[in-house]
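K.L.:
I need the structure of the sequence given here:
(one chain, ligands or ions: 1)
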Amino acid sequence: MTLSVTNLSCRRGEAVVLRGVRLSVARGAALVLRGPNGAGKTTLLRTLAGLTPPVSGDVAPERCAYAGHADGLKAQLTVGEALRFWAAIFGGADVGPAVRAFDLEPLLDRRAAELSAGQKRRAGLARLVLTGRPVWLLDEPTVSLDTDNVTRFAAAIRAHLAGGGSAIIATHVDLGLTDATTLDVGQFAAGTATMQDDPFAEAVE
Ligand SMILES: Nc1ncnc2c1ncn2[C@@H]1O[C@H](COP(=O)(O)OP(=O)(O)OP(=O)(O)O)[C@@H](O)[C@H]1O
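P.N.:
A predicted model of the protein is given here:
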């Protein structure tokens, strides 16, 4: 099993958004999070990524690579500089596979500040490949991508899965991951609970 959590409760600000989350994703598998706007998909992914401490339960952020709504690029760095920086941070991986997976060769000398939204997104998603981490946490990753690049990104996910990785994805776009299982996040809704109501809250304050 690549990632398994039980009895995870998640907060957003002072609100407890999700309670009793149970999920697992195996090597080579993808899990697609479902639920309407506000259900808690981003909250769950941020908690799994270690960006927001869980109210209760354990996560393993060191095994995860997160791609959220922001691309995480420094405006003044070129795409090549950003990729080499990330590669150095995550253990010195060759940037070639990431460049090829996201068709970044023509953009390597361009500063992030001068990229289109979709170009920024491709450069940001390339970081996933460079991390070498087994679990990709993806929050609406295809925003700003054109059709060809959605296809390219879906191929990158499939390659990651084929290599024994896994992915947990919040997406409203069909990525063609026919074997993916789905998880309805709404079943874990915590109602109107706040941190003050939660007996575990002090443990993470
Ligand atoms: N910074 C914040 N502080 C407090 N509450 C927040 C904050 N951001 C979001 N929320 C609330 O947390 C709940 C869960 O939001 P979340 O972003 O996880 O939903 P989502 O399922 O990802 O929605 P969407 O499909 O719109 O992206 C919502 O009720 C939302 O209003």
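K.L.:
near the ligand, which residues of the chain show up?
P.N.:
Within reach of the ligand by CB under 6 Å from any ligand atom, the chain has these residues: 12-13, 15, 17, 35, 37-43. Where C-beta positions appear, they are placed from N, C-alpha and C, glycine not excepted.
K.L.:
any idea which of the residues you listed is least confident?
P.N.:
Ranked by pLDDT, the residues of the chain next to the ligand bottom out at residue 13, which scores 88.
K.L.:
Could you pull up the contacting residues of that residue?
P.N.:
Contact analysis of residue 13 by CB atoms under 8 Å, 6 or more residues apart in numbering lists nothing.
K.L.:
Give the burial count for residue 63, as a bare number.
P.N.:
By other CB atoms under 10 Å, the residues close to residue 63 number 13.
K.L.:
Quick check, pLDDT for it.
P.N.:
pLDDT, read off for residue 63, is 96.
K.L.:
So it is in contact with residue 131, correct?
P.N.:
No - counting by CB atoms under 8 Å, residue 63 stays clear of residue 131, with 10.1 Å between them.
K.L.:
Relative to residue 143, how far out is residue 71?
P.N.:
Residue 71 sits 10 Å away from residue 143, going by CB to CB, to the nearest Å.
K.L.:
Looking at the two, which is more packed in?
P.N.:
residue 71 (20 against 14).
K.L.:
measure that one to residue 100 for me?
P.N.:
19 Å.
K.L.:
Tell me which residues touch residue 176, please.
P.N.:
residue 154.
K.L.:
quick one: it is in a helix?
P.N.:
No - counting by DSSP: H, G, I helix; E, B strand; the rest coil, residue 176 falls outside a helix, being coil.
K.L.:
mind listing the helices for this structure?
P.N.:
Along the chain, the stretches classed as helices by DSSP state H are 41-48, 79-89, 96-101, 117-131, 147-162.
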